[in-house]
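**Student:** what shape does this take:
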Amino acid sequence: MTGIQLTEVSKSYGRRRVLDRVTLDVGNGVLGLLGPNGAGKTTLLRVLATVAGADAGRVELLGRDARDPLERVAIRHRLGYVPQEIGFPRGFTAFEYVDYVGILKEMTDRRARHDEVRRVLEAVGLTTVARRRVWRLSGGMKRRLIIAQALLGDPRLLILDEPTDGLDPEQRLRLRDTISALAEDRCVVVSTHQTEDVAAFCPRVVVLHEGSVRFDGDPRLLAAAATGRVWRSDQRDPGARLAWRTGDGGVRQIGSPPAGATLVEPSLEDGYLLLVGDCARAVKATR
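**Tutor:** Here you go, the predicted structure:
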């Protein structure tokens, strides 16, 4: 079953169009969503999570029409959502918080719900702190707790906004493994600023810029788009659009290399930065 079908979806806040005729067809697997701040990523995820409605276009999730109230309820029963901003009721333990979300999801069998709460807490590595008050948890633990609630009920569609934010390297690797395993038989959308996360476990990447889809495909193709435009030298070159000094003291640069430059293999981040820069200049040229 197709998880997501968006057709010419647009969304505005006041006079500002945040999503501009976005069309996507997403099945099972992990889709990585990249874009600069203000690109429309969070708004797109809110539409996918049925938190916000589209102004125009068609939104179908798990084969159901998100505009229909009854269909929307059915979607939410099979949806897991991790928002960018996290808020917790005061005084709850980690277990009580996830249990509370289970009640909101209409999981009425207390014993079965508690078994499910224990399952998702174990999945994110929080079993040992299940009885600890949420306010006493570290930032990384709180992030994992919000991921745990999204896994309740074995959802068919997972919408994750910056899920690895605040996690240490070991926790990020563990979460990548968890998401990859979940995506074998469901649709997962991950918005992130971490290009290495996309390269590590997303077979497909979408780049949003100015509310429009600028790239949709294999991350390797996005990296390959920077071939011949990434080089290393001792000093910054005038033709470099971006340059930074690496740990070994050399300068990695992207843009228009000078004659005889030492070209290096491009990364996903290189391709993404070049694409966003080209898009930004194209937008300015039309204004």
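**Student:** can you give me the strands in the stretch 51-200 of the chain?
**Tutor:** Listed in chain order, the strands of the stretch 51-200 of the chain (DSSP state E, counting those that start in this stretch) span 56-61, 64-65, 79-82, 157-161, 187-191.
**Student:** now render the ones you listed as CSV, adding distance to residue 92.
**Tutor:** Just so you know, the C-beta spots here come from the backbone N, C-alpha and C atoms, and that holds for glycine as well. CSV is the format used below for those (distance: least, C-beta to C-beta, whole Å):
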stretch, distance to residue 92
strand 56-61, 29
strand 64-65, 32
strand 79-82, 18
strand 157-161, 22
strand 187-191, 26
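**Student:** dump these to TSV, plus distance to residue 247, mean pLDDT and mean neighbour count.
**Tutor:** Converted to TSV, those look like this (distance: least, C-beta to C-beta, whole Å; pLDDT from 0 to 100; neighbours: other C-beta atoms under 10 Å):
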stretch	distance to residue 247	mean pLDDT	mean neighbour count
strand 56-61	44	96	18
strand 64-65	50	94	15
strand 79-82	32	90	22
strand 157-161	30	92	25
strand 187-191	28	92	25
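**Student:** state the distance from the closest residue to residue 54 other than its chain neighbours to residue 32.
**Tutor:** The shortest distance from residue 54 to any residue other than its chain neighbours is 4.7 Å, reached at residue 9 (C-beta to C-beta, 6 or more residues apart in numbering). Going from residue 9 to residue 32 by C-beta to C-beta, to the nearest Å gives 19 Å.
**Student:** not counting sequence-adjacent ones, nearest residue to the most centrally placed residue in the chain?
**Tutor:** Within the chain, one residue has its C-alpha closest to the average C-alpha position: by C-alpha atoms, centre = their mean, that is residue 191, at 1.5 Å. Nearest non-adjacent residue to residue 191, counting by C-beta to C-beta, 6+ apart: residue 33, 4.2 Å away.
**Student:** surely that neighbour and residue 194 touch.
**Tutor:** No. The pair residue 33 and residue 194 fails to qualify as a contact (C-beta atoms under 8 Å) at a distance of 11.5 Å.
**Student:** among the two, which residue is more densely surrounded?
**Tutor:** Neighbours were counted for residue 33 and for residue 194 using other C-beta atoms under 10 Å; residue 33 has more, 27 against 17.
**Student:** helix, strand, or coil at the more buried one?
**Tutor:** Reduced to three states with DSSP: H, G, I helix; E, B strand; the rest coil, the structure at residue 33 is strand.
**Student:** that one bridge partners, please.
**Tutor:** The residues paired with residue 33 through beta bridges, assigned by DSSP bridges, are residue 191, residue 206.
**Student:** the more surrounded of residue 9 and residue 32?
**Tutor:** Higher neighbour count among residue 9 and residue 32: residue 32, with 24 against 21, using other C-beta under 10 Å.
**Student:** residues in contact with the more buried one?
**Tutor:** Residue 32 makes contact with 190, 192, 197, 198, 202, 204, 205, 206, 219, according to C-beta atoms under 8 Å, 6 or more residues apart in numbering.
**Student:** tell me where the protein has helices.
**Tutor:** The residue ranges that make up the helices of the chain, judged by DSSP state H, are 41-48, 69-77, 94-104, 110-123, 139-150, 169-182, 195-201, 219-224, 268-285.
**Student:** so for residue 17, which of these sits nearest?
**Tutor:** helix 41-48 (10.2 Å; C-beta to C-beta).
**Student:** counting by contacts, list what the closest one packs against.
**Tutor:** Contacts of helix 41-48 with other secondary structure elements, assessed using 3 or more C-beta pairs under 8 Å, 6 or more residues apart in numbering; DSSP states H and E, are made with strand 4-13, strand 16-26, strand 29-34, strand 56-61, strand 157-161, strand 187-191.
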